[in-house]
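> sequence unknown, structure follows:
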């Protein structure tokens, strides 16, 4: 099912001058003709990592300004502070001078923070979601309309309990989405593709009994805790508050060794019923 | 117990030129000589609201770069995109040209979004924390050392179950902190002081059975859902993952009418035991 370029190629950036980078929104990474938000965030994160000369985005926030369409983009980065272990920078992604995405991020080297000699305490009251084997979950394959072309780039296997959204009468009624994630073509997952995974699943609201179809993302923040081990990611996305015309969607991503590798939270607009 | 200036005065900014604003970190808003992170975020948010000419920060993210000490600061703002309902901008707060805080925010008018004629769906699977009356909770009053001077500016009443941290042998073992918040001197709470409330409580980790004392905030994001009604805020802060040398702290703030008015999440560094 792999079509076209992989993630690494589709997020490449090339240094220009004055902290600017040239990149491109690749075709095929879209949902209803608009590029996936996590994919856009990953392009910006790659520019931030290049500009800060740090390998990993530790915490990154993107504000979505206009839809991303396939074609060239320019990322204008600015270093805010270079510290001993972290560097903070901002970036704006623009297409034809139209702003698409504005980000702020703090980058570092997660191998160093997590490496030998460090021994911070570990504790959690949450576990990865219980999921059947990927082959026993629901495959989301790209179609002409839905599922979107983006599903030709990433491979999702949805927990059957959370796959009811495909038939409006079978929704679970809970804004919850759990499943497996990997890139197509066995491309390894790094800390940049985690950002893509953080926004790759169908919206939680698809499983709620509410007259809401689309919820444009205003802002997405991801915290990357460590570099993922090879293999499928276990993912859990949940919404707790649909109120005031907004909803949040929080994500938790675990790697194949059971480590939490990233958390995300996004704020989206809930259009009133038309 | 009110000491010195109130919140509105302590977060004032004055327009200079080229998108720059003059402000000040007021004395008394500190914890162990460093200004409270939520208070600093509120100063930056006020500059963003002035620069964007929008009354409310809808979603704002701050990256903490160096400790804030009392004295003048300059906020350099830059508009990224002005939309129909929202405007996105960045700001950097600097003291003596040393960067203290970098923010990105999207501002709007929450009265308009939440006002008559709008009818988005409402749903939640969470409720405000059950709290005894404020007078039956544990008061945190400022002391010479601990509690810090900042507690002379805000009034916290902690749920007795979560107040064990004051005696290291009585910690609940759960990184959870629930209680009431208001500003001293009956100052009304607006969408800017919500940002202060989002970082006002003792760290959740104080209640965990872990050898961790201080956890410097790297980044704090707050979503403001609606303008709070007058009265005490009910607040709940929880940590779910202490891993990879980091922890997150998520917050939920409800107003006196039981509406969720804000959510927050911060990423903090967990120093290894010394």
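Alright, I've got the coordinates. Not measured: the values here are computed from a predicted model. Numbering: from 1, shown residues only, chains lettered A, B, ... in the order given.
> Please name the bridge partners of residue A:177.
Going by DSSP bridges, residue A:177 is paired in beta bridges with residue A:237.
> who's in contact with the helix or strand of chain A with the lowest mean pLDDT?
Lowest on mean pLDDT, DSSP states H and E among the helices and strands of chain A sits helix A:110-113, with a mean of 84. Helix A:110-113 has contacts (C-beta atoms under 8 Å, 6 or more residues apart in numbering or on different chains) with A:55-56, A:58, A:85, A:191, A:224-227, B:244-245. To be clear about C-beta, it is placed using only N, CA and C from the backbone, and glycine gets the same treatment.
> Check the gap between the residue nearest to residue A:135 when sequence neighbours are not counted and chain B for me.
Spatially, and ignoring its direct neighbours in sequence, residue A:135 is nearest to residue A:157 (7.7 Å; C-beta to C-beta, 6 or more residues apart in numbering or on different chains). If you measure residue A:157 against chain B using C-beta to the nearest C-beta, to the nearest Å, the figure is 24 Å.
> I'd assumed residue A:157 was in a helix, is it?
No - counting by DSSP: H, G, I helix; E, B strand; the rest coil, residue A:157 is not found in a helix; it is strand.
> partners of it in the sheet?
Assigned bridge partners for residue A:157, using DSSP bridges, are residue A:139, residue A:180.
> I'd like to know how far it sits from residue A:175.
Distance from residue A:157 to residue A:175, counting by C-beta to C-beta, to the nearest Å: 20 Å.
> In terms of neighbours, single out the busier of the two.
A count of neighbours by other C-beta atoms under 10 Å in any protein chain shown puts residue A:175 above the other of residue A:157 and residue A:175, at 27 against 22.
> contacting residues for that one?
Contacts for residue A:175 (C-beta under 8 Å, 6+ apart) come out as A:204-205, A:207-208, A:238-239, A:242, A:247, A:249, B:123.
> Looks to me like residue A:143 is in a strand.
No - assessed with three-state DSSP, residue A:143 is coil; it does not lie in a strand.
> Residue A:137 is in contact with residue A:179, isn't it?
Yes - with contact defined as C-beta atoms under 8 Å, residue A:137 reaches residue A:179; the gap is 5.9 Å.
> Between these two, which contacts overlap?
Counting by C-beta under 8 Å, 6+ apart, the common neighbours of residue A:137 and residue A:179 are A:131, A:157-159.
> Dump those into TSV; add pLDDT as well.
Formatted as TSV, the shared contacts of residue A:137 and residue A:179 follow (pLDDT from 0 to 100):
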residue	pLDDT
A:131	98
A:157	97
A:158	96
A:159	97
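> Let me know the closest of the residues you listed to chain B.
Checking the shared contacts of residue A:137 and residue A:179 against chain B by C-beta to the nearest C-beta gives residue A:159 as the nearest, at 17.9 Å.
> partners of the helix or strand where residue A:24 lies, with directions?
Using DSSP states H and E, the element containing residue A:24 is strand A:20-25. With DSSP bridges as the test, strand A:20-25 is paired with strand A:13-15 (antiparallel), strand A:71-82 (antiparallel).
> average pLDDT across the last one?
What that stands for is strand A:71-82. In this model, strand A:71-82 carries a mean pLDDT of 98.
> any idea whether the closest residue to residue A:29 other than its chain neighbours is helix, strand or coil?
Counting by C-beta to C-beta, 6+ apart, residue A:39 is the residue found nearest to residue A:29 once chain neighbours are left out, at 4.6 Å. Following three-state DSSP, we place residue A:39 in the helix state.
> residue contacts, residue A:39?
By C-beta under 8 Å, 6+ apart, the neighbours of residue A:39 are A:10-11, A:29, A:150, A:153, A:196, A:199.
> quick one on the thing from earlier: now the contacts of residue A:175 in CSV, with distance to residue A:98?
Compiled in CSV, these are given as follows (distance: C-beta to C-beta, whole Å):
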residue, distance to residue A:98
A:204, 29
A:205, 28
A:207, 34
A:208, 33
A:238, 33
A:239, 30
A:242, 30
A:247, 27
A:249, 26
B:123, 34
